[in-house]
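**Q** sequence below, structure please.
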Amino acid sequence: MAPSRSFLLWTIFPSFFGLCCGFDLIEIRPEGDKRSHLGARDVSSLDFRSAASFLWGTNGTSDTVLANFTVYTPGSNENVLSMETFDGMLISQNCTPNGMTLQFEDDSTFAYAQHVWDWVNGADNHTFLMIAGSGDCGSNKHRIPYLVSAISYQEDQNVAILNATTGSWHDMAKSYQLQIGSISTPNETRLGRRDITQGATLPLAMELPFTAKVEQGPLVGELECENCRTTGQINFELRITQNVIGIPDGVEFRMSPQSVSAVANLKLKVGSNFQTKKETFKETVLSFPLNGITIPPDILNIGPFLDIDAGVELTGLEGSITVSAGVTSSLSDSAILRANLLNPLDNDFSGWDPNIDFTPPSVEAQVAATVQMFFMPAVRLKAEALGQGVEAGIELKLPFVDFKVEATADAGGGVCDDPNKTLGVEIEPSIGAEIKFEAGTTDGDKTPVDVTIATTSFPLGGICLGFNPDDDSDSGSSLPSNNSSSNSTEPSSAKPSSSASTTSSAPVTSCTADNGLLGTCISTSSCSNQGGISEAGHCPGGIDIQCCYFSDGSGDSCQTNDGVSGTCMSTSACSEANAQSVSGFCPGPADIQCCIP
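**A** Here you go, the predicted structure:
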């Protein structure tokens, strides 16, 4: 069954003050290049370049560099130049959509600029990009690209008049590399990582309690997390490159956790009657934006969200069950992932296996069922860079908790290693985690990346709850306390005896097999021990309680001299059914007798 989008009605008490607002990065001028008309000038800053890098940060200083945008002009007929490297040599500058007028402070700098820049007049296809920094054109708040195709001069006034057009960065920058954040893999160092001095982060620290009402089809209940929270942050790096003909040839995403953990104290109370049918439910119970990152006006926009998904998966539930578990999961700071969004096979990751600690799970069960519940923080971001769309997300299923609950019965006693118990419920819980990464471009031309970067599951041992049909108690049970991790030795699978009980299943009763033979509802193991044949589908209770009949003449109807009706079966099977054997009324071997209540 597909996940329902309407089965949850939730009550949310999130605390995410300060996490909901994005911010514009601030331009960082080349170090040492300040607008000043004092001191000697290095006229080489007027020379053309085949590449120019532009930096952005959180406060405009070189120790907060968060983004690097490098523009390439590799052709012999093109160049690039940043006004930020020489605007201190100018007395005035005026910019319009059709050009720029620059007046130099002295004859020597003007003469040098004229000597170098006059190259653009040498051929019709000669052009260069002139990038005006913030304030270089007067009131402009952001960097502006101009494509210069010709220059004229007013030599007596040291003025250069540039014939140029302006437009969006997407149209002007044909070949480039844009990098946000910096994460080094084990095989490389931070040296040469594009001058980035500050990491890009997605904060995760917040309280995330919720109560979700499960109301869908046959399923009615509630999934609750009174103490759910996450800590830490995800550090990430995004690099986008485009070749000289304007086609993206590289989109790489990297990420690494820092002090990331998730605490989930989940409790599920649910009841239904759909027997062996499997029902799966998953819903986003909380969703809110994290700090976004923008490089204005149209270079980059990253909009991340933190979604909290919760879910339940049940099989074979016919009755009611309450399960609860508390789990703390944490990730190592050494974990790292690198993914090529243009090639889903080119990715590598390491160190994502979580450490898991838990408090004793608790179960109150009346029937057989398989139950899984999970808590999954998911960081999802959508970025647009110079017209290129990118989506990425990491799903941290920290944790999922499985409970396998099976009913058992033995009329002779001995259930759960207790000679006085005839009915019982065996519970086998396990705890695990799964981390998935998904990413791709939004144009849909490339196969998206979809990889499971960590998965682990381990049993917590088992417990058996024994009881009798006449017991009035309806208590649950908790497993012994234990702490573990994904690398620890698995706990023993032995099922300790317990005097705790659950609500009674149906008592042992008679049944009729498909071939018409009468039988008794007992456990398959007890039936096998008596030489009988077990047939499912005729008895209430767990899947292990089946109709046990015998093919050697037993199973026939019988009646004693007193007129009491019964069933021909072995004396041992009759005794196990808490009934009385009467000889002389059944054909076959001597131990096949009339079994009466």
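**Q** I figured K213 hits L268, correct?
**A** No: look at K213 against L268 with Cβ atoms under 8 Å: they stay out of range, at 11.7 Å. Where you see a C-beta, it was placed from the backbone N, CA and C, and this is true even at glycine.
**Q** which one's more surrounded, those two?
**A** L268 (23 against 15; other Cβ atoms under 10 Å).
**Q** any idea how far that one lies from F403?
**A** 9 Å (Cβ to Cβ, to the nearest Å).
**Q** what is in contact with the two at once?
**A** Counting by Cβ atoms under 8 Å, 6 or more residues apart in numbering, the common neighbours of L268 and F403 are I321, V323, V371.
**Q** who does the nearest residue in space to P203 that is not next to it in sequence form a beta bridge with?
**A** Nearest in space to P203, with sequence neighbours left out and distances taken as Cβ to Cβ, 6 or more residues apart in numbering, is Q233 at 4.9 Å. For Q233, the beta-bridge partners under DSSP bridges are P203, Q258.
**Q** what residues does Q233 make contact with?
**A** Counting by Cβ under 8 Å, 6+ apart, Q233 touches T201, L202, P203, L204, A205, P257, Q258, S259, V260.
**Q** buried sites along stretch 291-306?
**A** 291-295, 298-306 (16 or more other Cβ atoms under 10 Å).
**Q** state the mean pLDDT of the one helix or strand F349 maps to.
**A** In this structure, F349 is located in strand 347-350 according to DSSP states H and E. Averaged across strand 347-350, the pLDDT comes to 90.
**Q** need the next SSE after the helix or strand encompassing D249, C-terminal direction.
**A** D249 is part of strand 248-273, with elements assigned from DSSP H and E. Counting by DSSP H and E, the next helix or strand C-terminal to strand 248-273 is strand 278-289.
**Q** who are the packing partners of that following strand?
**A** Counting contacts by 3 or more Cβ pairs under 8 Å, 6 or more residues apart in numbering; DSSP states H and E, strand 278-289 is packed against strand 8-12, strand 210-216, strand 300-315.
**Q** mind listing the helices for this protein?
**A** 107-117, 169-172, 524-529, 571-576 (DSSP state H).
**Q** tell me the most buried of these?
**A** Among the helices of the chain, helix 571-576 has the highest mean neighbour count (mean count of other Cβ atoms under 10 Å), at a mean of 21.
**Q** mind giving me the packing neighbours of that one?
**A** By 3+ Cβ pairs under 8 Å, 6+ apart, helix 571-576 packs against strand 518-523, strand 580-582, strand 592-596.
**Q** how about 10 Å then?
**A** Counting contacts by 3 or more Cβ pairs under 10 Å, 6 or more residues apart in numbering; DSSP states H and E, helix 571-576 is packed against strand 518-523, helix 524-529, strand 545-549, strand 565-570, strand 580-582, strand 592-596.
**Q** would you list the helices and strands packed on strand 278-289 in TSV and tack on mean pLDDT and distance to W56?
**A** Formatted as TSV, the helices and strands packed on strand 278-289 follow (pLDDT from 0 to 100; distance: least, Cβ to Cβ, whole Å):
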stretch	mean pLDDT	distance to W56
strand 8-12	28	35
strand 210-216	74	37
strand 300-315	83	9
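**Q** now the strands: where do they sit in the stretch 301-450 of the chain?
**A** Assigned by DSSP state E, counting those that start in this stretch, the stretch 301-450 of the chain shows strands spanning 318-330, 336-340, 347-350, 355-365, 369-385, 388-409, 423-441, 449-459.
**Q** list the buried ones in the shortest one?
**A** Of the residues in strand 347-350, those buried by neighbour count under the rule 16+ other Cβ under 10 Å are N347, F349.
**Q** could you number the chain from 55 rather than 1 from now on?
**A** Understood, numbering begins at 55; the last thing we discussed is strand 401-404.
**Q** T496 touches K436, doesn't it?
**A** Yes: using Cβ atoms under 10 Å, T496 is in contact with K436, at 7.5 Å.
**Q** what is in contact with these two at once?
**A** Residues touching both T496 and K436 by Cβ atoms under 10 Å, 6 or more residues apart in numbering: G443, V444, E445.
**Q** any of those buried? List them.
**A** Buried, going by 16+ other Cβ under 10 Å: V444, E445, out of the shared contacts of T496 and K436.
**Q** T334: which of the shared contacts of T496 and K436 is nearest?
**A** Set against T334, the nearest of the shared contacts of T496 and K436 by Cβ to Cβ is E445 (24.5 Å).
**Q** still on that earlier bit, for E449, which of the helices of the chain is the nearest?
**A** helix 223-226 (31.5 Å).
**Q** ok, residues contacting that closest one?
**A** Counting by Cβ under 10 Å, 6+ apart, 123, 125, 183, 185, 196-201, 219-220, 230, 232, 296, 300, 349, 351-354, 438-442 sit against helix 223-226.
**Q** domain parsing for this protein?
**A** 62-71+253-290+308-349+364-434+446-532, 85-227, 564-650 (automatic domain parsing).
**Q** how about stretch 144-155: buried residues?
**A** Here stretch 144-155 shows L144, Q147, C149, G153, M154 as buried, counting by 16+ other Cβ under 10 Å.
**Q** roughly how far does the spatially most central residue of the chain sit from D610?
**A** Closest residue to the average C-alpha location of the chain: E449 at 0.5 Å, with Cα atoms, centre = their mean. Distance of E449 to D610, given as Cβ to Cβ: 60 Å.
**Q** so which of the helices and strands packed on strand 332-343 is nearest G129?
**A** Of all the helices and strands packed on strand 332-343, strand 354-369 comes closest under Cβ to Cβ, at 25.3 Å.
**Q** any stretches of the stretch 205-354 of the chain with poor pLDDT?
**A** 240-249, 251, 268-273, 300, 326-333 (pLDDT under 70).
**Q** worst mean pLDDT across the helices and strands of this protein, which element?
**A** Every helix and strand in the chain was compared by mean pLDDT, DSSP states H and E; the lowest is strand 62-66, with a mean of 28.
**Q** now stretch 514-521, how far from the chain's geometric center?
**A** 32 Å (Cα atoms, centre = their mean, to the nearest Å).
**Q** now do the buried residues in that stretch.
**A** L514, G515, G516, I517, C518, L519, G520, F521.
**Q** I'd say V381 and P414 touch.
**A** No: counting by Cβ under 10 Å, V381 does not reach P414; the two are 11.2 Å apart.
**Q** so which of the two has more stuff around it?
**A** More crowded of V381 and P414, by other Cβ under 10 Å: V381, with 24 against 15.
**Q** for that one, which non-adjacent residue is spatially closest?
**A** Per Cβ to Cβ, 6+ apart, closest to V381 is P453, 4.2 Å.
**Q** how many other residues sit next to that neighbour?
**A** Neighbour count of P453, defined by other Cβ under 10 Å: 27.
**Q** right, and it touches T382 too?
**A** Yes: counting by Cβ under 10 Å, T382 is a contact partner of P453 at 8.7 Å.
**Q** residue contacts, the residue nearest to S99 when sequence neighbours are not counted?
**A** What sits nearest to S99 in space, not counting adjacent residues and going by Cβ to Cβ, 6+ apart, is T139, at 4.0 Å. T139 makes contacts with 83-84, 86-87, 96, 98-101, 103, 106, 185, 187, as judged by Cβ under 10 Å, 6+ apart.
**Q** list buried residues within those residues.
**A** By neighbour count, with 16+ other Cβ under 10 Å, the contacts of T139 hold R83, P84, D87, S99, L100, R103, A106, I185, G187 as buried.
**Q** hang on, isn't the fourth one packed against A106?
**A** No: S99 sits out of contact with A106 when judged by Cβ under 10 Å, with a separation of 11.2 Å.
**Q** list residues touching both of those two?
**A** P84, L135, S136, E138, T139.
**Q** from those residues, which is closest to Q208?
**A** L135 (20.2 Å).
**Q** who's that closest one bridged to?
**A** Under DSSP bridges, the beta-bridge partners of L135 are M184.
**Q** count the residues that sit near the closest residue to L258 other than its chain neighbours.
**A** Nearest residue to L258 in three dimensions, chain neighbours excluded: T284, at 4.6 Å (Cβ to Cβ, 6+ apart). Around T284 there are 24 other residues, counting by other Cβ under 10 Å.
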